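> sequence first, predicted coordinates after that:
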Amino acid sequence: MKLKNILIIIILFMIIISFVILIAYSYKSDIENGEKHCEGKLIFVGSKYCPHCDSAREILKEIQQERNLTILFLDASKIEDRLIMEKEGISVQYTPTLFVDCEEIIGAREKTEYETILGGFL
């Protein structure tokens, strides 16, 4: 009886692990296939280790408040934010990076440049 219960637990555990692997593989293949889920969104990716990111973040927060925009601010050095990036189908090699409707804008800009870039959202 005890052996039977152990076998059932092992089989259930294997089924759960297989299910998790299947979901992870499916999700990973979406990202590898270039499927992005950031359409119609403004996403800023910076890093706490990047001094240019601080100035870009402050400028974008100012524009966000002035224009009543929704900008998702992420920190590439935080695991939870990297998971959000994966969910959105985006990755960065350099910070700061701003995604405007999935278009990647790399580097810090002046306020007027950001306002021009965000023209469609303003």
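Okay, I see it. Numbers count the residues shown, from 1 in each chain.
> only C-alpha atoms from now on, for both contacts and neighbour counts.
Fine.
> residues contacting Phe99?
Applying CA atoms under 8 Å, 6 or more residues apart in numbering to Phe99 gives the contacts 38, 41-44, 105.
> and the residues you listed as CSV, adding distance to Gly120 and secondary structure?
Output for the contacts of Phe99, formatted as CSV (distance: CA to CA, whole Å; DSSP: H, G, I helix; E, B strand; the rest coil):
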residue, distance to Gly120, secondary structure
Cys38, 15, coil
Lys41, 11, coil
Leu42, 11, strand
Ile43, 14, strand
Phe44, 16, strand
Ile105, 14, strand
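> pLDDT at the residue nearest the centre of the chain, what is it?
Taking CA atoms, centre = their mean, the centroid of the chain lies closest to Met85, which sits 1.6 Å from it. pLDDT for Met85: 94.
> thought it was touching Ser91?
Yes: look at Met85 against Ser91 with CA atoms under 8 Å: they come within range, at 6.3 Å.
> what sits against the residue nearest to the centre of the chain?
Counted by CA under 8 Å, 6+ apart, Met85 has contacts Ser91.
> helix, strand or coil for it?
helix (DSSP: H, G, I helix; E, B strand; the rest coil).
> just use 29 as the starting number from now, easier for me
Okay, using 29 as the starting number, the last item reads as Met113.
> how is this structure carved up into domains?
29-63, 70-145 (automatic domain parsing).
> any idea which of the ones you listed is most buried?
domain 70-145 (a mean of 16; mean count of other CA atoms under 10 Å).
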